[in-house]
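Undergrad: Fold the following for me, if possible:
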Amino acid sequence: MTINRRNMLAAGAVAGLSAGAVAGARPVAARTRASSAVDLGLVRESPLDQGPALQAAIDAAATRGEPLVLPAGRFRTGPLQLRTGIRLIGASGATTLEYSGGGSLITAENADSIVIEGIGFDGAYLPLDAEGLVQFRNVRDARLSDLTITRSPSNGISLTNTSGSVSDCRISNVMQAAIRSMDATGLDISRNAVADCGNAGIQVWRSDLGEDGSIVSANRIVRIRADGGGSGQNGNGVSVYRAGSVLVSGNRITDCAFTAVRGNAASDIQIVGNSCARLGEVAIYAEFGFEGALIANNVVDTAATGITVTNFNEGGRLAVVQGNLVRNLFRREHEPIDKRGHGITVEADTALTGNVIEKAPTAGIIIGWGPFMREVVATGNLVRASKVGILISSDPGAGAALLSNNMISGASAGSIRAMDGNGDPIGAELAHGEGANKMLAIAGNLAV
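TA: Here you go, the predicted structure:
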């Protein structure tokens with residue numbers, strides 16, 4: 001519906017604002033014309049809090065069931081509360097709400113069908129009484145798109161028990177995570193650009209183990225620090241914790257302190273077709289108490305370890321690792337014990353097929369760790385220019401493994417070797433089946 005002068009006057013009376021329209025404004029949503037700053041009672045670039053005028057306009061628009069189209073300009077504001085059905089639309093790249101303090105910037109709780117589009121949110125690093133600069137709780141069908149979020153002292157966007165989508169947003173210079181989802185009820189996080197975050201890029205977490213089903217796709221994530229320290233809970237591009245059936249696909253993730261994609265206790269996770277580079281620890285991780293992981297068709301270039309499927313001692317099991325390209329691994333010589341330098345490591349109930357690993361300074365493939373190995377199949381893999389091609393646990397408590405039709409080229413310390421409890425190679429070369437037993441079948445491999 002086109003909003004004419006009569007409708008604008010009526011709406012202005014409800015909101016306690018004067019009515020008017022900006023000549024030549026771009027039609028947005030239901031062909032609504034953008035109001036000018038004067039229409040809404042706003043003052044551009046003013047040091048004064050524009051929050052009361054903005055809140056009045058938001059409430060009036062929600063009551064009318066019409067979009068609120070904000071004009072271009074920078075407006076300082078304190079806390080704003082969104083109601084069911086509000087559509088808050090700005091001039092993309094030109095409308096910015098700068099937080100002036102007072103608790104939070106944008107919040108919505110127990111509301112449905114909320115849209116925010118084309119607005120910048122600047123937290124100015126002021127203290128927040130909220131988990132994010134934009135915080136939603138118990139919101140069904142939230143649609144956040146084309147937002148610019150920066151300088152948050154906490155998370156950029158925090159979503160709890162929320163469904164909908166976060167797409168085409170630019171989030172940078174936040175002190176925690178760019179996007180944090182807890183207990184999602186159907187969430188799509190796609191095509192966002194994330195940079196320079198203190199502890200995480202995108203987090204998909206649950207308070208308890210359970211199916212989540214979120215989709216994290218086609219995002220660009222770069223320069224994620226681990227300001228909070230720890231051994232992997234921070235410093236990750238995409239972190240999936242306790243959340244089942246999550247798809248992480250087609251993302252470009254680089255320069256993270258720890259991991260590009262980290263699934264912790266995340267059953268039935270799919271990590272597919274991601275491009276990952278320059279990671280400080282393991283590029284792609286499935287760890288701790290998960291059942292089911294598909295890790296396929298990813299590219300990893302430069303990491304301490306490419307892909308790890310681990311923690312069988314904690315119930316981590318059942319995976320397919322297929323068709324990945326892993327190259328240019330490095331050892332962390334500054335670490336007293338955990339130096340890494342591995343291409344791909346797996347432990348239990350795993351098919352490892354069709355992967356290409358190049359330049360692993362410790363080993364291309366590691367199978368098992370101490371007694372924690374069961375039913376691993378490694379077939380059709382190519383390992384090039386690595387110290388050892390394949391290392392396999394020699395612990396008497398380890399389970400069965402099948403190694404066949406792999407090619408190992410240029411392994412300086414052996415193509416297939418047993419390893420001790422410290423991860424060091426022991427014993428003779430096994431590439432041609434010597435030393436195999438009823439729990440270990442080695443056949444058809446080619447060492448050159």
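Undergrad: and the nearest residue to residue 342 once chain neighbours are set aside, what helix or strand is that in?
TA: Spatially, and ignoring its direct neighbours in sequence, residue 342 is nearest to residue 305 (4.4 Å; CB to CB, 6 or more residues apart in numbering). Using the backbone N, CA and C atoms, a C-beta is placed for each residue, glycine as well. Secondary structure assignment for residue 305, by DSSP states H and E: strand 299-309.
Undergrad: Residue 420 versus residue 446, what's the distance?
TA: 26 Å (CB to CB, to the nearest Å).
Undergrad: hmm, I was thinking of residue 210
TA: To residue 420, residue 210 is 39 Å away according to CB to CB.
Undergrad: Let me see the ranges of the helices in this protein.
TA: Under the criterion DSSP state H, the chain carries helices at the ranges 5-15, 51-64.
Undergrad: weakest of those by average pLDDT?
TA: When the helices of the chain are compared by mean pLDDT, helix 5-15 comes last with a mean of 36.
Undergrad: coming back round to it: the strand holding residue 305 - which strands sit beside it in the sheet, and in what orientation?
TA: Neighbouring strands of strand 299-309 in its sheet, by DSSP bridges, are strand 275-287 (parallel), strand 325-329 (parallel), strand 342-346 (parallel).
Undergrad: now what about the second one, what contacts it?
TA: Outside strand 325-329, the residues within contact range by CB atoms under 8 Å, 6 or more residues apart in numbering are 283, 298-307, 340-344, 355-362.
Undergrad: ok so, going back, which residues does the residue nearest to residue 342 contact?
TA: Applying CB under 8 Å, 6+ apart, the residues contacting residue 305 are 281-283, 329, 340-345.
Undergrad: Residue 445 too?
TA: Going by CB under 8 Å, 6+ apart, residue 445 touches 403-408, 415-416, 431-432.
Undergrad: Report the separation between it and residue 388.
TA: From residue 445 across to residue 388, the span is 13 Å (CB to CB).
Undergrad: Then residue 188?
TA: Remark: distance between residue 188 and residue 388 (CB to CB) = 42 Å.
Undergrad: more crowded one of the two?
TA: Neighbours were counted for residue 188 and for residue 388 using other CB atoms under 10 Å; residue 388 has more, 25 against 18.
Undergrad: what's the closest non-adjacent residue to that one?
TA: What sits nearest to residue 388 in space, not counting adjacent residues and going by CB to CB, 6+ apart, is residue 363, at 4.2 Å.
Undergrad: same question, residue 200
TA: Nearest residue to residue 200, sequence neighbours excluded (CB to CB, 6+ apart): residue 177, at 3.8 Å.
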